[in-house]
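Enquirer: give the three-dimensional model of this entry:
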Amino acid sequence: MSNAYTVETIQPNPARAKDMPYAPAVRIVGACDLMFVSGVTPSPLYHFHPHVDEEHQHPVDIREQTRRALVGAKEVLDSVGASWGDVVKITKYLTDIRDADGMHDVMRATFGDWKPASTMICINQLSSPGARVELDMIVAIPKKG
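Expert: Below you'll find the predicted structure:
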């Protein structure tokens, strides 16, 4: 698919870009729509509210929790024909900052060489009991037509 926009990473110090798992900034040039993806956790994307405990049984491993959260995000991306390369901003919420390396390992495998702009926040608890990671995203989607 030919995009009607380009995405540029902004690197104030390009020589140090390899040292970072994200871009300091991302600029969208041209025509596109923006999609804001709500936070996804290791829980199924669609689950009951109020929560049903059986839908929120999570493995302890941060890598598997991150994989599961990315599955939910991919479901949203696929529904509009977007890819990981269209994600321009991601906010990562962790309940234990020591999980950052494991989470980033999985994200690198998913995103490949693309590094969207990023923020990481350590918080006490997430909306899904037992979840250790939640991800929300801003996605640039090419305009059709």
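Enquirer: C-alpha only now, for contacts and for neighbours.
Expert: Fine.
Enquirer: measure stretch 6-23 end to end?
Expert: 15 Å (Cα to Cα, to the nearest Å).
Enquirer: for that stretch, give the mean pLDDT please.
Expert: For stretch 6-23, mean pLDDT rounds to 81.
Enquirer: report the buried residues of that stretch.
Expert: Buried residues in stretch 6-23, counted by 16 or more other Cα atoms under 10 Å: 7, 9, 17, 21, 22, 23.
Enquirer: which of those residues sits closest to residue 140?
Expert: Nearest to residue 140 among the buried residues of stretch 6-23, counting by Cα to Cα, is residue 7 at 8.5 Å.
Enquirer: re the thing from before, can you put the buried residues of stretch 6-23 in TSV and add distance to residue 95 and secondary structure?
Expert: Formatted as TSV, the buried residues of stretch 6-23 follow (distance: Cα to Cα, whole Å; DSSP: H, G, I helix; E, B strand; the rest coil):
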residue	distance to residue 95	secondary structure
7	31	strand
9	28	strand
17	27	helix
21	19	coil
22	20	coil
23	23	strand
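Enquirer: the longest helix seen in the chain - contacts with which helices or strands?
Expert: Identified as the longest helix of the chain according to DSSP state H is helix 62-79. For helix 62-79, the contact count by 3 or more Cα pairs under 8 Å, 6 or more residues apart in numbering; DSSP states H and E identifies strand 32-40, helix 100-111, strand 133-142 as packing neighbours.
Enquirer: what's the following helix or strand after that helix?
Expert: Scanning forward in sequence from helix 62-79 by DSSP states H and E, the next helix or strand is strand 87-94.
Enquirer: same for that next one, what does it pack against?
Expert: Strand 87-94 packs on strand 117-122, strand 133-142, going by 3+ Cα pairs under 8 Å, 6+ apart.
Enquirer: just name the most buried of the helices and strands packed on helix 62-79.
Expert: strand 133-142 (a mean of 22; mean count of other Cα atoms under 10 Å).
Enquirer: re the thing from before, tilt between the longest helix of the chain and strand 87-94?
Expert: Interaxial angle, helix 62-79 versus strand 87-94 (axes from the mean of the first three to the mean of the last three Cα atoms, to 10 degrees): 150 degrees.
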